[in-house]
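Q: quick check, what structure comes out for this input:
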Amino acid sequence: MSYVSVDVMWTLLGAAMVFFMQAGFSLCEAGLTRAKNTGNILMKNLMDFCIGTPAFWLVGFGLMFGGSGALIGRFDPFILGEYDFGSLPKWCYVIFQTVFCATAATIVSGSMAERTKFSSYCVYSALISLVVYPVSGHWIWGGGWLSELGFHDFAGSCAVHMVGGIAACIGAATLGPRIGKYGKDGKPRAIPGHNLTAVALGVFILWFCWFGFNGCSTVSMSSDEAMLSASLIFMNTNLAAAVATCVVLVVTWIRYKKPDVSMCLNGALAGLVAITAGCDVVDPFGAFFIGLVAGGLVVASVEFFDKTAKIDDPVGAISVHGACGMFGTLAVGLFATDGGVCYGGGAKLLGVQAIGVLSVAAWVAVMMTIIFQLIKHTMGLRVEQEIEIDGLDLHEHGLASAYSGFAIHDVMGTMDINENTDLGEDNPLAATPAQMNAAVPVVRADGAASLETGMYKVAIIAKLSRFEKLKKALNELGVTGMTVTQVMGCGIQRGAGEYYRGVEMDATLLPKIKIEVVVHKIPVEEVIDTAKKVLYSGRIGDGKIFVFHVARVVKIRTGEENEKALQDVE
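A: Take a look at the predicted model:
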């Protein structure tokens, strides 16, 4: 076997491992968000790679490697300018760079999760792969001005992770926080992910694939020097990740009184991101300290964006990839055995690294602000309130649940709309009485119960997204006691069926809310009218109201009956 064959096999192995990181990102992001958005998360990760591949092939690679001074490059995918691929065939290097581009794009998915229009996200994914990532990548890896200055980013702490992290920060800030993330007092609320097992599996996949991400970036295994370098890279990569995780374990144990599982998993990724820039030029002592700082940094950064900046990042991608990518790039100037400050090299390398970080950060921040603002003011970036509360799976993909056969539970207490999460969509459709009567029919179920008590039970089946408005409206009417349960409605309406793999489903289980109240002094018609006004949207599935006569009510604690039993006062 020739030396060229060994280099090609090594590089292609790395490409395959970096591609498999998409599986790790998918599991991490899906697990750290709510079940009702799982299908949407998986689709975004899939399309990041599938949209990014042709975009990078057609335009991005030419921009990135189209010549030593080019900012525009070449748009012909078969003419790649002046770039020297060494011993590698052209297409070997193209696919290797393609998977790195897809990684940068998919980092943004988690930070913008649970509230982004799928169509708008696809546009973003194409643009970052076409222009944003390739231009800064040209500066660093394509013979551009930063590489000429001596800027060092071996496998992409800056070129990949910081680019993705800053884009994620701009995207999440442009979207605004998820509904219910911040209370009226401005304090953040926890919105736990639904599957920590998936998160842990995703992190282990990413950790494994990072050996290819960093190690195979030598793009050679045909010399003793290359093999020694790859060995050191593997060692440093693993050590930094492990140390960062241990630091997060200790920090969260002290700060939160318990070791935080999800934060520790983020800690492993923080160490991996931070070591990526300098994994080939630092020794294990340097890797240890890089992991040490990255572990503390990721906890501080997550708290800062959550509590101070109030940028809602469901998965912590801004902190893991943005903050730790920035630190890891600067850490080269501190810990590089040749030229690092800690090894007597002076401040020159650190200064070059700082210039690179600032210039790339500025480029990405400006471009992504323009891109997201254009999307926001043309096709729209964020989904409507109702879609966000019901879940993107249902409305964006026609998927009632990514976990078919299992009940869907959500935290109703975090679904309130306030000044921190108001999207300005206060029931934009004005309803006429005729429309409301048609959309929300009232069914009076007369049983064998006595009609003399004057008490009625009103059972309302409605969308979860309307619960808070309905609860407030009933409270204002004087109804203070209610029973609330989550139910799964089974049914299909003619002409409004859903499809799975092109086949129309006979019945669909949809998450609903059932509110039951018993009234006596409050006229039942007022309860009905209030509910109809709140629930009407003009869309299929607004719900139904059932009215029952109540024959007898007994309060267990006192034995009081009927009207007295309904009064919850001493």
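
Q: now stretch 245-261, how far from the chain's geometric center?
A: For stretch 245-261, the separation from the chain centroid amounts to 23 Å (computed by C-alpha atoms, centre = their mean, to the nearest Å).

Q: buried sites along it?
A: Using 16 or more other C-beta atoms under 10 Å as the test for burial, stretch 245-261 gives Thr245, Cys246, Val247, Val248, Leu249, Val251, Thr252, Asp260. All C-beta spots, glycine's among them, are computed from the backbone N, C-alpha and C.

Q: go ahead and name everything in contact with that stretch.
A: Here stretch 245-261 makes contact (C-beta atoms under 8 Å, 6 or more residues apart in numbering) with 196, 200, 263-264, 266-268, 270-271, 291-292, 294-296, 298-299.

Q: and those residues, which is closest to Asp48?
A: Nearest to Asp48 out of these is Asn266 (C-beta to C-beta; 20.0 Å).

Q: contact partners for Ile107?
A: Applying C-beta under 8 Å, 6+ apart to Ile107 gives the contacts Phe25, His161, Gly164, Gly165, Ala167, Ala168, Ala317, His321.

Q: may I ask which two of the buried residues of stretch 245-261 are separated the most?
A: Most distant of the buried residues of stretch 245-261, by C-beta to C-beta, are Cys246 and Asp260, 13.2 Å apart.

Q: packing partners for the longest strand along the chain?
A: Ranked by number of residues, the top strand in the chain under DSSP state E is strand 508-519. Secondary-structure packing of strand 508-519 (3 or more C-beta pairs under 8 Å, 6 or more residues apart in numbering; DSSP states H and E): strand 455-462, helix 467-477, strand 483-491.

Q: mind checking how far the closest residue to Gly271 other than its chain neighbours is from Thr106?
A: Distances taken as C-beta to C-beta, 6 or more residues apart in numbering put Ala244 closest to Gly271, at 2.9 Å, once the chain neighbours are dropped. Per C-beta to C-beta, to the nearest Å, Ala244 is found 21 Å from Thr106.

Q: now swap in Val352 and tell me
A: Separation of Val352 from Thr106 (C-beta to C-beta) stands at 29 Å.

Q: which one's more surrounded, the two?
A: More neighbours surround Thr106 than the other of Val352 and Thr106, with 26 against 18 (other C-beta atoms under 10 Å).

Q: contact partners for the more buried one?
A: Gln22, Phe25, Lys44, Asn45, Asp48, Phe49, Gly164.

Q: hmm, back to that, looking at the buried residues of stretch 245-261, spot the one nearest Met455.
A: Lowest distance from Met455 to the buried residues of stretch 245-261 (C-beta to C-beta) belongs to Asp260, with 49.7 Å.

Q: any idea of the pLDDT on that closest one?
A: Note on Asp260: pLDDT of 95.

Q: number of residues surrounding the closest residue to Lys36 other than its chain neighbours?
A: Closest residue to Lys36 apart from its sequence neighbours, by C-beta to C-beta, 6+ apart: Gly391 at 2.8 Å. For Gly391, the neighbour count with other C-beta under 10 Å is 27.

Q: is it true that Gly391 touches Arg34?
A: Yes: with contact defined as C-beta atoms under 8 Å, Gly391 counts as touching Arg34 (7.3 Å).

Q: point out where this structure drops to low pLDDT.
A: For the chain, the stretches with pLDDT under 70 are 1-4, 67-87, 405-453, 490-509, 568-570.

Q: quick one on the thing from earlier: out of the contacts of stretch 245-261, which is nearest to Gly380?
A: Using C-beta to C-beta, the contacts of stretch 245-261 come closest to Gly380 at Asn266, 30.5 Å.

Q: which element is the closest one on?
A: Here Asn266, judged by DSSP states H and E, is contained in helix 261-275.

Q: please compute how far that helix lies from its chain's middle.
A: Taking C-alpha atoms, centre = their mean, one finds the center of helix 261-275 at 16 Å from the center of the full chain.

Q: again, but for stretch 469-489
A: Centroid separation between stretch 469-489 and its chain, computed with C-alpha atoms, centre = their mean, is 31 Å.

Q: could you do stretch 235-245 as well?
A: Here the centre of stretch 235-245 is set off from its chain's centre by 25 Å, with C-alpha atoms, centre = their mean.

Q: begin at 472 from now on, thanks
A: Sure thing, new numbering starts at 472, so read that last one as stretch 706-716.

Q: the helices and strands packed on strand 979-990: which one's closest to Arg649?
A: Comparing those by C-beta to C-beta, helix 938-948 comes nearest, at 14.5 Å.

Q: packing partners for that closest one?
A: Partner elements for helix 938-948 (3+ C-beta pairs under 8 Å, 6+ apart): strand 979-990, helix 995-1006.

Q: a markdown table please, covering those and showing distance to Val477 and mean neighbour count.
A: Conversion of the helices and strands packed on helix 938-948 to a markdown table gives the following (distance: least, C-beta to C-beta, whole Å; neighbours: other C-beta atoms under 10 Å):
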| stretch | distance to Val477 | mean neighbour count |
| --- | --- | --- |
| strand 979-990 | 54 | 19 |
| helix 995-1006 | 67 | 19 |
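
Q: let me see the ranges of the helices in the stretch 722-871 of the chain.
A: Under the criterion DSSP state H, counting those that start in this stretch, the stretch 722-871 of the chain contains helices at 732-746, 755-774, 788, 795-806, 819-849, 856-861, 863-868.

Q: the longest one vs helix 795-806, what angle?
A: Right, helix 819-849. Going by axes from the mean of the first three to the mean of the last three C-alpha atoms, to 10 degrees, helix 819-849 is angled at 170 degrees with respect to helix 795-806.

Q: widest-spaced pair of the contacts of stretch 716-732?
A: So, those by C-beta to C-beta: farthest apart are Leu667 and Leu763, at 25.2 Å.

Q: quick one: which of these two has more around it?
A: Leu763 (17 against 14).

Q: residues contacting the most centrally placed residue in the chain?
A: By C-alpha atoms, centre = their mean, the chain has its centre lying nearest to Gly581, at 1.9 Å. Contacts of Gly581 were listed using C-beta under 8 Å, 6+ apart, and they are Phe496, Cys499, Glu500, Leu503, Thr504, Ile512, Ala639, Asp784, Pro785, Val786, Gly787, Ala788.

Q: how about Glu585?
A: When contacts are counted by C-beta under 8 Å, 6+ apart, Glu585 touches Thr504, Arg505, Asn508, Asn511, Arg649, Pro785, Glu859, Leu863.

Q: element containing Phe1019?
A: Counting by DSSP H and E, Phe1019 is part of strand 1014-1021.

Q: strand partners of that strand, parallel vs antiparallel please.
A: Using DSSP bridges, the strands paired with strand 1014-1021 are strand 913-916 (parallel), strand 926-933 (antiparallel).

Q: for it, what is the distance to the chain centroid?
A: Per C-alpha atoms, centre = their mean, the centroid offset for strand 1014-1021 relative to its chain is 40 Å.

Q: try stretch 687-705
A: Centroid separation between stretch 687-705 and its chain, computed with C-alpha atoms, centre = their mean, is 34 Å.

Q: same deal with stretch 506-526?
A: Centroid displacement of stretch 506-526 relative to its chain, using C-alpha atoms, centre = their mean, is 11 Å.

Q: can you give me the buried ones in it?
A: 506-516, 518-520, 522-524, 526.

Q: please flag which of these sit within strands.
A: Going by DSSP E, the strands hold none of these.

Q: narrow those to those in helices?
A: 509-516, 518-520, 522-524, 526 (DSSP state H).

Q: quick check: end-to-end length of stretch 809-825?
A: This stretch, stretch 809-825, spans 17 Å end to end (C-alpha to C-alpha, to the nearest Å).

Q: quickly note the distance from Val722 to Gln844.
A: Distance, Val722 to Gln844, using C-beta to C-beta: 36 Å.

Q: and Ile578, how far from Ala584?
A: The gap separating Ile578 from Ala584 is 12 Å, by C-beta to C-beta.
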